[in-house]
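*Asks:* A predicted structure for the sequence below; I have some questions about it.
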Amino acid sequence: MIKRTIQEIAAMINVVSEIDAIADITIQGVSIDSRKIEKGNLYIPLKGSNVDGHKFVEDAIRKGAAASLWQKDVPNPPTDLPLIVVDDVQQSLQELAKTYRKQLDIKVVGITGSNGKTTTKDMVSTVLSQKYKVQKTEGNYNNHLGLPLTILSLDENTDIAVLEMGMSARGEISLLTNIARPDVAIITNIGEAHIQNLGSRRAIADAKLEIVEGLPDGGLLIYIGDEPLLQEKVPHITGIDTKTFGRSLSNDVYPVHITQQETGSSFKTNLDPEVEYFIPVLGEYNVVNALSAILVGKEFSLEPQVIASGLQALKLTAMRMEMIDGIRGSKVINDAYNASPTSMKAAIHLIENFSGARRKILVLGDMLELGENEKQFHTEIGQAIDAEKIQFVFTYGELARYIAEGARDSFPETRIFSFTNKDELIQRLQARIEENDLILVKASRGMKLEDVVKEISL
C-alpha cells in the first residue's frame with residue numbers, strides 16, 4: 001500500500017494549506033471509513049448525500065489515522081489535528097491514486113464490459129499469479145472511489161494489477177482508465193446493462209471503448225470479436241494493438257471443443273489444440289471469458305500449460321455460477337450477483353442443456369436499469385425458455401412477472417409461479433424441490449435473491 005510522508009503526499013495532490021508542521025509525518029494506506037481505520041492511515045473524509053465524513057475526522061485520528069484530508073469549503077477545521085486542506089477531497093483521492101500509479105513500476109490489466117467483468121478479473125489474476133505477484137480489485141471496488149482505493153492499496157513490489165472498471169454513464173470509464181493507465185485492456189462484451197442511462201447498445205459500446213484512452217502507444221486491447229459494434233468501431237482506433245476472442249473462427253482465439261461437466265467446463269482452443277483447459281465454473285460464456293485470460297497470459301509470456309494450471313485453480317467471487325448442494329439432494333446454481341438479458345439468456349441456455357438433472361427449475365428475478373423497454377426484455381426472456389427442457393419457472397419482482405407472462409406462451413399455468421413476496425416464493429419453492437433437481441437462481445443485485453439460495457441450500 002502507499003507509504004509516503006505528508007510532504008510527499010502534498011507534492012502528489014493540490015494542497016491549499018500550510019503543511020510544514022506535519023510534513024515529516026508518514027502515512028501508510030488510506031481509508032474512507034472511520035470505522036475501519038488502521039494505524040498510520042490517511043483518512044479521506046468524503047462528503048456523501050447523507051453523511052459528511054468530516055464529522056468523523058477526530059474519531060479517525062483518535063483510532064490511529066496519521067492524518068486526514070479536509071475540504072476547504074467545510075467550516076471549522078480542527079486546529080490541533082494533522083490536516084491536509086484540499087480543494088476537493090474526492091478529486092484529491094483520485095489524483096493521489098493517479099500519481100501513485102505513475103510512481104509504481106507495475107503493469108496494469110484493465111477490464112470492462114456489460115457482463116463478466118468480475119469473473120474475467122478472477123481468471124486473469126489467477127493465471128498471472130502463476131508467475132507474477134498480482135493484486136486485483138476486491139469486491140465491487142470498481143468505480144470512481146473503489147478503483148483509486150484499490151490502486152492505493154497496491155504494494156510497491158507488485159508486478160501486475162488487475163483492475164475492474166464499472167460504469168453506468170458516459171465518461172466514467174474515461175475517468176477510471178486515465179487514473180489506472182492500463183497496459184492491457186479487456187472488453188468482455190456489450191450488453192444491455194445501464195441502457196436506461198445510455199439509451200442504446202451503440203452508446204454502451206462507445207462508453208466501454210473509453211478504456212482505450214488510458215492505453216499507451218502500442219498498448220493491447222483484447223475484445224470480444226463476436227460483437228458487431230466492436231467489429232465496426234475498433235478498426236478506427238489507432239496507435240494500439242488488438243486481439244480478439246470469441247466463438248467465431250475469425251477470432252484470434254476461439255474454442256474448438258467444449259465439454260460441460262458437473263464441476264466445471266473443459267475446452268480446447270485453436271491456439272494450443274493439444275492443451276486441455278479446465279475452469280471450475282459452468283457455462284459456455286465463461287469459457288469465452290477464459291479465452292481473454294489466455295490471451296493475457298500469452299501477452300505476459302506464460303506457457304500454455306502454466307495458463308491451464310492457473311485456470312484450473314480459479315476461485316470465483318461468490319454468487320457467480322456457484323454450484324452448491326441444495327435441500328433433499330438437489331443442486332443449486334447461485335448466480336444471484338447480477339443479471340442482464342444477455343447473461344440471463346446464457347444462464348438459462350446452460351441449464352437447459354445441462355445433463356444429469358432429473359428436473360430443472362428456474363428462479364428468476366428483476367433485471368434492473370434496462371430503460372423504457374424493460375418489460376419487453378423480460379417478456380422475451382420468458383418466451384425464450386424451452387418448456388421441453390425446463391420443468392418449473394418461478395419469478396420474483398414486478399418486472400420478472402413479465403418473464404412469467406412470456407413463458408405462458410409455451411408453459412401450462414401449473415408450471416409457472418410468479419411472486420412479489422420473497423417469503424411466499426421461498427415457501428412454494430421449498431415444497432417443490434425434489435432429489436436430483438437442478439435450480440438456477442438469477443436476478444439483478446438489487447433483488448437480493450441470495451436470500452432464496454440460503455433457504456434452499458444445505
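*Replies:* That came in fine, so what should we check first? Numbering: from 1, shown residues only.

*Asks:* For the most centrally placed residue in the chain, give me its contacts.
*Replies:* Closest residue to the average C-alpha location of the chain: T118 at 3.3 Å, with CA atoms, centre = their mean. Applying CB atoms under 8 Å, 6 or more residues apart in numbering to T118 gives the contacts 164, 317, 320, 337. C-beta: built from backbone N, CA, C; applies to glycine.

*Asks:* Closest one to E274 out of the residues you listed, please.
*Replies:* Taking CB to CB as the measure, E274 lies nearest R320 of those, at 29.7 Å.

*Asks:* Name the SS class of the closest one, please.
*Replies:* Secondary structure assignment for R320 (DSSP: H, G, I helix; E, B strand; the rest coil): coil.

*Asks:* coming back round to it: any idea which element the residue nearest to the centre of the chain lies in?
*Replies:* Here T118 is covered by helix 117-128, with elements defined by DSSP states H and E.

*Asks:* Could you chop the chain up by domain?
*Replies:* The record's domain parsing of the chain by automatic domain parsing lists 3-87, 104-312, 322-456.

*Asks:* among the ones you listed, which is nearest K98?
*Replies:* domain 104-312 (4.6 Å).

*Asks:* Leaving out chain neighbours, which residue sits closest to L229?
*Replies:* Taking CB to CB, 6 or more residues apart in numbering, and ignoring the residues beside it in sequence, L229 has A205 as its nearest neighbour in space, at 4.1 Å.

*Asks:* Name all residues that make contact with that neighbour.
*Replies:* 190, 227, 229-230, 233.

*Asks:* Just put the domains of the chain in CSV and tack on distance to L93.
*Replies:* Below are these laid out as CSV (distance: least, CB to CB, whole Å):
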stretch, distance to L93
domain 3-87, 5
domain 104-312, 5
domain 322-456, 25
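
*Asks:* quick one: pLDDT of the residue nearest to L229?
*Replies:* You'll see A205 listed with a pLDDT of 93.

*Asks:* Just the CA trace of the helix or strand containing it, in CSV.
*Replies:* With secondary structure defined by DSSP H and E, A205 is part of helix 201-208. Extracted in CSV, the C-alpha atoms of helix 201-208 (Å, rounded to 0.1, in the frame of the first residue of the first chain):
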residue,chain,number,x,y,z
ARG,A,201,-26.2,-0.6,-27.2
ARG,A,202,-24.2,1.6,-29.6
ALA,A,203,-23.8,4.2,-26.8
ILE,A,204,-22.8,1.4,-24.4
ALA,A,205,-20.1,0.3,-26.8
ASP,A,206,-18.8,3.9,-27.0
ALA,A,207,-18.7,4.1,-23.3
LYS,A,208,-16.8,0.8,-22.9
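
*Asks:* List the buried residues for that helix?
*Replies:* 201, 203-208 (16 or more other CB atoms under 10 Å).

*Asks:* can you check stretch 121-137 too?
*Replies:* So for stretch 121-137, counting by 16+ other CB under 10 Å, buried means 121-131, 134-137.

*Asks:* Going along the chain, name the helices of the stretch 51-200 of the chain.
*Replies:* Ranges of helices within the stretch 51-200 of the chain are 57-62, 89-103, 117-128, 146-152, 172-180, 195-198, based on DSSP state H, counting those that start in this stretch.

*Asks:* S250 is nearest to which of the ones you listed?
*Replies:* Within those, the stretch nearest S250 is helix 117-128; the backing value is 20.8 Å (CB to CB).

*Asks:* Counting neighbours, what do you get for L42?
*Replies:* 27 (other CB atoms under 10 Å).

*Asks:* Ok, K454 next?
*Replies:* For K454, using other CB under 10 Å, the count is 11.

*Asks:* do you know how far it is from L81?
*Replies:* 44 Å (CB to CB, to the nearest Å).

*Asks:* contacting residues around L282?
*Replies:* Contacts of L282 by CB under 8 Å, 6+ apart are 260, 264-265, 321, 323, 333, 350, 354.

*Asks:* Equivalent analysis for I179, please.
*Replies:* Contacts of I179 (CB under 8 Å, 6+ apart): 94, 97-98, 101, 147-148, 151, 214.

*Asks:* Same question for Q135.
*Replies:* 125, 150, 153-155, 158, 160-162 are the contacts of Q135 under CB under 8 Å, 6+ apart.

*Asks:* What is the nearest of these to A11?
*Replies:* Among those, and counting by CB to CB, the member closest to A11 is L154, at 19.1 Å.

*Asks:* and that closest one, how many neighbours?
*Replies:* Neighbours of L154 (other CB under 10 Å): 20.

*Asks:* Now do the buried residues in stretch 56-73.
*Replies:* 56-57, 60-61, 63, 65-71.

*Asks:* Next: stretch 433-442.
*Replies:* Neighbour-count burial for stretch 433-442 [16+ other CB under 10 Å]: 433, 437-442.

*Asks:* Surely A339 and V363 touch.
*Replies:* No - counting by CB atoms under 8 Å, A339 sits too far from V363 to count as a contact (11.6 Å).

*Asks:* Show the contacting residues for Y396.
*Replies:* Counted by CB under 8 Å, 6+ apart, Y396 has contacts 363-366, 419-420, 422, 425, 443, 447, 449, 452.

*Asks:* Dihedrals phi and psi, it?
*Replies:* phi -140, psi 120 (degrees, to the nearest 10).

*Asks:* Please name the nearest non-neighbouring residue to it.
*Replies:* Nearest to Y396 is G365, by CB to CB, 6+ apart, at 4.5 Å.

*Asks:* Report the contact partners of that neighbour.
*Replies:* 336, 339, 395-397, 400, 442-444, 447, 449.

*Asks:* before we move on, the earlier item: show me which pair in the contacts of L282 is furthest apart.
*Replies:* The largest separation in these, counting by CB to CB, is between S265 and I333 at 13.1 Å.

*Asks:* Cross-check the contact I'm expecting between E262 and D325.
*Replies:* No - using CB under 8 Å as the test, E262 is too far from D325 to be in contact (11.7 Å).
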